[in-house]
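J.: model the following, please.
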Amino acid sequence: MIIKTIDAAAIQKCFLAGANALDAKKELINDLNVFPVPDGDTGTNMTMTIMSAAREVAALEDTDMEKLCKAISSGSLRGARGNSGVILSQLLRGFTKEISKVEAVDVYVLTKAFERAVESAYRAVMKPKEGTILTVARGGAEKALEVSERTDNLLELVNSVLMHMRDVLEQTPDMLPVLKEAGVVDSGGEGLLTILEGAYDALLGKDVNYEVEKEPSTPLESTMSGADAGVVSEADIKFGYCTEFIIMLEKEFHSKEEKEFKSYLESIGDSIVCVADEDLVKVHVHTNDPGLAIQKALTYGSLTRMKIDNMREEHNERVIRDAEKKAAEQKEAEGQPEQEMPMEHRENGFISVSVGDGLNDIFRDLGVDYVIEGGQTMNPSTEDILEATRHINADNVFILPNNSNIILAAEQAKELIQDKNIVVIPSKNIPQGIAAMVNYTEGLELDENIEAMAEALSTVRSGQVTYAVRDTAVDGKEIKAGDIMGLSDKTIETVGTDVVETTIDLLKKMMDEESELVSIYYGEEGNQEDAEKIAEAVQQMDSEVEVEIQYGGQPIYYYFVSVE
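T.: Next comes the predicted model:
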């Protein structure tokens with residue numbers, strides 16, 4: 001079979017097929033991760049990233065190349081989660097920039113698109129590492145350039161590219177010793193290849209899945225879903241209609257228009273969520289007259305994904321009480337009351353990624369204005385970070401990612417924000433984020449605070465204690481599922497079967513003669529009594545070291561520890 005060109009409709013199908021192929025295989029890709037920690041893994045992050053774009057692509061009615069490319073690029077950029085998701089979004093961004101101005105894609109255009117995708121992804125990573133998704137992508141682009149010189153058949157080119165990328169992927173263990181020791185190939189490269197193989201199946205006309213599920217609720221939307229589940233009684237429902245829609249913008253909608261629109265929604269209802277992007281605005285409001293919200297929204301553009309629910313119907317008292325309790329608990333855990341936009345404009349504002357009510361309170365006590373729920377178990381998306389910045393009424397907004405897998409998403413959000421100066425302090429874990437906030441000084445010049453906060457990151461050695469979710473081998477250690485692991489900033493330091501003993505062993509490796517302060521944050525599965533046993537052991541190691549115990553409340557990780 002020979003195919004010389006493909007149009008926007010064909011590319012739309014290929015993209016949806018590729019996204020669904022990744023979704024179907026995400027757990028297998030998660031299992032390729034070297035570190036067997038119960039985190040939001042590569043397969044999950046890449047899937048959530050591409051599905052954010054797939055939902056926008058699936059919603060397109062009149063598909064042309066420009067609209068399609070905008071949906072892919074915008075959706076993946078805002079939905080990007082984790083380093084692998086950000087890199088994937090940049091690959092898609094570069095690819096769509098190249099094809100957006102043509103009516104049909106041929107071998108020449110596709111080759112140029114592969115090259116631009118790789119260039120965009122490499123630029124997004126400060127220190128590109130070979131043996132990763134970047135290497136696999138570059139191998140595909142180089143093969144496309146080679147094959148394009150001898151054929152005009154897209155099928156021949158793509159087939160050759162896929163075979164070469166598979167060869168490159170199989171070589172990644174030779175490029176990264178940690179992959180070789182674990183006996184796996186790079187998970188990000190496998191994810192990218194899975195997407196392209198799914199797209200190729202669509203190109204061949206195979207029976208593939210093009211259906212995309214409706215968008216699930218996200219952490220930033222959780223307040224609306226909790227409220228919609230039920231209220232105390234029908235008589236107590238002040239605003240009876242849950243109204244949701246998306247505005248496809250046809251006129252300017254900058255911060256001034258956004259503020260005016262939110263003020264209008266507040267005058268007719270409550271439970272308002274208004275998330276604005278370059279081309280669309282996602283709206284949620286509880287009101288007694290949905291028509292008023294719709295009429296106002298139509299002044300900014302056309303509407304899509306409209307949904308109106310009567311909240312007074314189909315609720316009995318028990319279900320309502322349970323839903324209200326759940327919503328209240330979730331709102332309290334996420335600290336929503338403390339996260340409203342400050343009434344007065346300020347010079348500096350702060351956003352921190354955190355998880356666990358104790359850690360959230362610590363950051364707020366240190367001056368953080370908005371806490372994004374996430375981190376180890378769920379990497380927040382670029383859009384989550386963008387939404388958080390809209391809650392901060394300040395000229396400069398400091399973002400503390402507190403996880404090495406969130407820094408790229410924060411940097412990507414920074415590039416998309418025009419009305420505020422965004423400062424990303426590259427904290428790789430919770431203790432580093434706490435140290436950075438402690439070293440912020442009100443009244444200092446911006447550059448001085450940035451320098452002080454960044455320097456504070458290097459003064460903290462951090463560790464975490466959790467359990468292994470699968471068998472593997474890392475750094476010469478044989479690890480079985482269920483083992484307790486003590487992780488430092490860089491690697492797995494200790495492996496054992498007892499949480500307290502493993503934590504003590506980890507701190508032994510972290511401490512030295514210059515150590516002055518040890519901080520222990522116990523999580524949901526840890527407890528004060530065991531934390532005190534750990535503190536006692538630390539004092540026996542060095543009686544002059546000060547030890548602090550604080551409740552963190554984090555899930556999955558028994559303890560976060562730090563040494564300064």
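
J.: now the helices for the stretch 201-350 of the chain?
T.: Using DSSP state H, counting those that start in this stretch, the helices of the stretch 201-350 of the chain run over 222-228, 255-268, 290-298, 317-333.

J.: please name every helix or strand in contact with the third one.
T.: Same thing as helix 290-298. strand 241-249, helix 255-268, strand 280-287, strand 301-310 (3 or more CB pairs under 8 Å, 6 or more residues apart in numbering; DSSP states H and E). Placement of C-beta: from N, CA and C, glycine included.

J.: tabulate the ones you listed in CSV, adding columns for distance to S462, mean pLDDT and mean neighbour count.
T.: Shown next, in CSV, are the helices and strands packed on helix 290-298 (distance: least, CB to CB, whole Å; pLDDT from 0 to 100; neighbours: other CB atoms under 10 Å):
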stretch, distance to S462, mean pLDDT, mean neighbour count
strand 241-249, 41, 83, 20
helix 255-268, 37, 86, 15
strand 280-287, 36, 79, 23
strand 301-310, 42, 80, 14
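
J.: minimum distance to M453: which of those has it?
T.: With CB to CB, the closest approach to M453 among the helices and strands packed on helix 290-298 belongs to helix 255-268: 26.4 Å.

J.: number of nearby residues for V102?
T.: By other CB atoms under 10 Å, 18 other residues sit near V102.

J.: does it touch V109 like I think?
T.: Yes. V102 is within contact range of V109, at 5.6 Å (criterion: CB atoms under 8 Å).

J.: give me the buried positions along the strand or helix carrying S76.
T.: Element membership of S76, judged by DSSP states H and E, is helix 65-79. The neighbour-count check on helix 65-79 (16 or more other CB atoms under 10 Å) flags 65, 67-79 as buried.

J.: quick one: low-confidence residue ranges for the protein.
T.: 34-40, 214-238, 271, 273, 275-278, 311-343, 375-377 (pLDDT under 70).

J.: can you map out the strands along the stretch 101-250 of the chain?
T.: Assigned strands in the stretch 101-250 of the chain, in chain order: 104-105, 241-249 (criterion: DSSP state E, counting those that start in this stretch).

J.: show residues contacting the last one.
T.: What it means is strand 241-249. Contacting residues not belonging to strand 241-249 are listed as 224, 227-228, 253, 269, 271, 278-290, 293-294, 297, 300-311 [CB atoms under 8 Å, 6 or more residues apart in numbering].

J.: packing partners of the helix or strand hosting R364?
T.: Here R364 sits within helix 357-365, counting by DSSP H and E. Counting contacts by 3+ CB pairs under 8 Å, 6+ apart, helix 357-365 packs against helix 317-333, strand 346-354, strand 370-373, helix 430-438, strand 546-551.

J.: how about the strands in the stretch 451-564 of the chain?
T.: 461-467, 472-474, 477-479, 484-487, 492-496, 517-522, 546-551, 559-563.

J.: listing partners with orientation, what would you give for the first one?
T.: Partner strands and pairing direction for strand 461-467 (DSSP bridges) are strand 484-487 (antiparallel), strand 559-563 (antiparallel).

J.: any chance of TSV for these, columns distance to G463?
T.: Converted to TSV, the strands paired with strand 461-467 look like this (distance: least, CB to CB, whole Å):
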stretch	distance to G463
strand 484-487	6
strand 559-563	5
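
J.: out of those, which one sits most buried?
T.: strand 559-563 (a mean of 25; mean count of other CB atoms under 10 Å).

J.: contacts for that one next, please.
T.: Contacts for strand 559-563 (CB under 8 Å, 6+ apart): 359, 429-431, 434-435, 460-465, 499, 503, 506-507, 510-511, 515, 517-523, 526, 531, 534, 552, 554.

J.: now it and helix 357-365, what's the angle there?
T.: Angle of strand 559-563 versus helix 357-365, following axes from the mean of the first three to the mean of the last three CA atoms, to 10 degrees, is 40 degrees.

J.: residues contacting M437?
T.: If you count contacts by CB under 8 Å, 6+ apart, M437 has them with 350, 352, 363, 366-368, 400, 453.

J.: repeat that for 10 Å
T.: Taking CB atoms under 10 Å, 6 or more residues apart in numbering, we find M437 in contact with 350, 352, 362-363, 365-368, 398, 400, 425, 427, 453, 456.

J.: I'd assumed A8 was in contact with L60.
T.: Yes. Taking CB atoms under 10 Å as the definition, L60 is a contact partner of A8 at 9.1 Å.

J.: so between those two, which is more surrounded?
T.: The residue with more neighbours, out of L60 and A8, is A8; 22 against 16, by other CB under 10 Å.

J.: relative to M165, how far out is S515?
T.: Computed as CB to CB, to the nearest Å, the S515 to M165 distance reads 47 Å.

J.: so between these two, which is more surrounded?
T.: M165 (24 against 18).
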